[in-house]
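Enquirer: need a 3D model of the sequence below.
(2 chains)
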Amino acid sequence: DAKTTQPPSMDCAEGRAANLPCNHSTISGNEYVYWYRQIHSQGPQYIIHGLKNNETNEMASLIITEDRKSSTLILPHATLRDTAVYYCIVRVVAGGGSNYKLTFGKGTLLTVNP
Amino acid sequence: KAGVTQTPRYLIKTRGQQVTLSCSPISGHRSVSWYQQTPGQGLQFLFEYFSETQRNKGNFPGRFSGRQFSNSRSEMNVSTLELGDSALYLCASSLSPGVTEAFFGQGTRLTVV
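Expert: Residues are numbered from 1 along each chain as shown, chains lettered A, B, ... in the order given. Model prediction:
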């Protein structure tokens, strides 16, 4: 799996958009970008994933650069409950081999302040 | 529908003992993966099971083992416990290997004294 680089921490004001960057310059053509988050003392929670097009769901938006070497997770209106460690992961999806494990880095601790 | 259930939630064991942790995946999910989380090493992949077969294994010693039953429930076992095995053990389930979304349980907090 390609390695990812994320800032160790970020702050965001409640109600504002949180933009979390991720660098994955060695990503392969068959690797997707995934985002998970982990709220303190809970299991990780899936947020969103994408290959090359921008994606949006009820939780967040994912913007992937045209060269796919970096991406940004956007939480449009951050709340205090969004305070968590956010992990950016790249991995293949079914059909790309048998190694489907999620390789977590250290992630970004997002703190949403009132 | 019910989420991923891990039991027990908390466990205290003594060095040298063994421990078995249980994971019940979401109904219909046939793939179960296990992860270890420690402050120093973060989240690390242990192994993955699908259709009662181990399909993938992380870089952990043979003291760590697991299995999956015909109903997709999974157990992991750690023998000859060491202090360094103290961690949060997380189980994740998905429909099948490689499916995009994995759902994690709340984890089992193991403390070895």
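Enquirer: please compute how far the worst-scoring helix or strand of chain A on mean pLDDT lies from its chain's middle.
Expert: Among the helices and strands of chain A, strand A:84-92 carries the lowest confidence by mean pLDDT, DSSP states H and E, at a mean of 91. Chain-centre distance of strand A:84-92: 5 Å, with Cα atoms, centre = their mean, to the nearest Å.
Enquirer: again, but for stretch B:49-62
Expert: Its chain's average C-alpha position is 10 Å from that of stretch B:49-62, according to Cα atoms, centre = their mean.
Enquirer: quick check: end-to-end length of that stretch?
Expert: 16 Å (Cα to Cα, to the nearest Å).
Enquirer: and that stretch, what's buried?
Expert: The neighbour-count check on stretch B:49-62 (16 or more other Cβ atoms under 10 Å in any protein chain shown) flags B:49, B:50, B:55, B:56, B:58, B:60 as buried. All C-beta spots, glycine's among them, are computed from the backbone N, C-alpha and C.
Enquirer: near chain A at all, that stretch?
Expert: Yes: using Cβ under 8 Å from any Cβ of the partner chain, stretch B:49-62 comes into contact with chain A via B:55, B:56, B:58.
Enquirer: tell me the SS of the nearest residue to residue A:69 once chain neighbours are set aside?
Expert: Spatially, and ignoring its direct neighbours in sequence, residue A:69 is nearest to residue A:25 (4.4 Å; Cβ to Cβ, 6 or more residues apart in numbering or on different chains). Here residue A:25 is coil, with the state taken from DSSP: H, G, I helix; E, B strand; the rest coil.
Enquirer: pretty sure residue A:25 contacts residue A:71?
Expert: No: using Cβ atoms under 8 Å, residue A:25 makes no contact with residue A:71, being 11.2 Å away.
Enquirer: who's more crowded, those two?
Expert: Taking neighbours as other Cβ atoms under 10 Å in any protein chain shown, residue A:25 and residue A:71 compare with residue A:71 leading, 24 against 12.
Enquirer: leaving out the residues flanking it, which one is nearest to the more buried one?
Expert: residue A:64 (4.5 Å).
Enquirer: tell me how far residue A:29 lies from residue A:45.
Expert: 28 Å (Cβ to Cβ, to the nearest Å).
Enquirer: same deal with residue B:110?
Expert: For residue B:110, the distance to residue A:45 - Cβ to Cβ - is 22 Å.
Enquirer: which one of those two has more residues nearby?
Expert: Between residue B:110 and residue A:45, counted using other Cβ under 10 Å, residue B:110 has the larger neighbour count: 20 against 15.
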